[in-house]
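Undergrad: Need a 3D model of the sequence below.
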Amino acid sequence: MTGQKWKGLFIRAIRLYTLLVTLIIVIMMILGSLLDRDRVFSYDAFLSPLIYALIGTVATVITRSDRELSVRSLIIRKVISLLLIEGAIILIALNAETIPTEKSWVIPGLAIGVFAVFVLTHIILYLIDRREAGKLNADLARFQEKQMDGSPAAG
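TA: Alright, predicted model coming up:
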């Protein structure tokens, strides 16, 4: 992998990580407000979104590909990525003393929250990529117009 590809991968990973941290905090706030109002958190609670986002970023980077994928292959990779993330988060929850997994709503709530963050993340990243692609296409069209206007054959 070239230096430029590593740089691109790093930038995409940082963008994904930041987006995931934000969405995880929002989901935790919503689920906590709705389902676990009486819980008081320590400062350790600030660490969990960072860890969960790291898990999501690593799972996505692991399942990425440099070559263009068919729709089927892309969907399979996304499902594998989602299963890796869901499995890791639920495993952490089952082993963490601070997460009340004895309550019946916790594991389903986590699974739904992870799924919601996963879907929202991919929608937001798609919209960002689409906007960037549109800008690149517009820039390319302007460049090609300039080339056509400036060439001796165009006239």
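Undergrad: where does the protein dip in pLDDT?
TA: 1, 40-44, 151-155 (pLDDT under 70).
Undergrad: ok, longest helix in it?
TA: helix 106-150 (DSSP state H).
Undergrad: name the helices or strands packed onto that helix?
TA: helix 3-35, helix 47-62, helix 71-95 (3 or more C-beta pairs under 8 Å, 6 or more residues apart in numbering; DSSP states H and E). In this view, the C-beta of every residue, glycine as well, is placed from N, C-alpha and C.
Undergrad: could you give the angle of that helix to helix 47-62?
TA: 50 degrees (axes from the mean of the first three to the mean of the last three C-alpha atoms, to 10 degrees).
Undergrad: Compute the inter-axis angle for helix 106-150 and helix 3-35.
TA: Using the same axes, to 10 degrees: helix 106-150 against helix 3-35 is 140 degrees.
Undergrad: Show me what stretch 14-28 is in contact with.
TA: 48-50, 52-54, 56-57, 60, 113, 116-117, 120-121, 124-125, 128 (C-beta atoms under 8 Å, 6 or more residues apart in numbering).
Undergrad: now do 6 Å
TA: Contact partners of stretch 14-28, identified using C-beta atoms under 6 Å, 6 or more residues apart in numbering, comprise 49, 52, 53, 56, 57, 113, 117, 120, 121.
Undergrad: looking at it, the fifth one is touching residue 9, isn't it?
TA: No - using C-beta atoms under 6 Å, residue 57 makes no contact with residue 9, being 10.8 Å away.
Undergrad: Same drill for the two, tell me which one is more crowded.
TA: residue 57 (21 against 14; other C-beta atoms under 10 Å).
Undergrad: quick one, what contacts that one?
TA: Here residue 57 is in contact with 13, 16, 17 (C-beta under 6 Å, 6+ apart).
Undergrad: Neighbours of residue 84, how many?
TA: Neighbours of residue 84 under the rule other C-beta under 10 Å: 17.
Undergrad: Please name the residues that touch residue 81.
TA: 59, 60, 63 are the contacts of residue 81 under C-beta under 6 Å, 6+ apart.
Undergrad: By neighbours, which of these wins?
TA: residue 60 (24 neighbours).
Undergrad: List the residues that contact it.
TA: residue 81.
Undergrad: go again using 7 Å as the cut-off
TA: 16, 81 (C-beta atoms under 7 Å, 6 or more residues apart in numbering).
Undergrad: Okay, it and residue 17: tell me how far apart.
TA: 9 Å (C-beta to C-beta, to the nearest Å).
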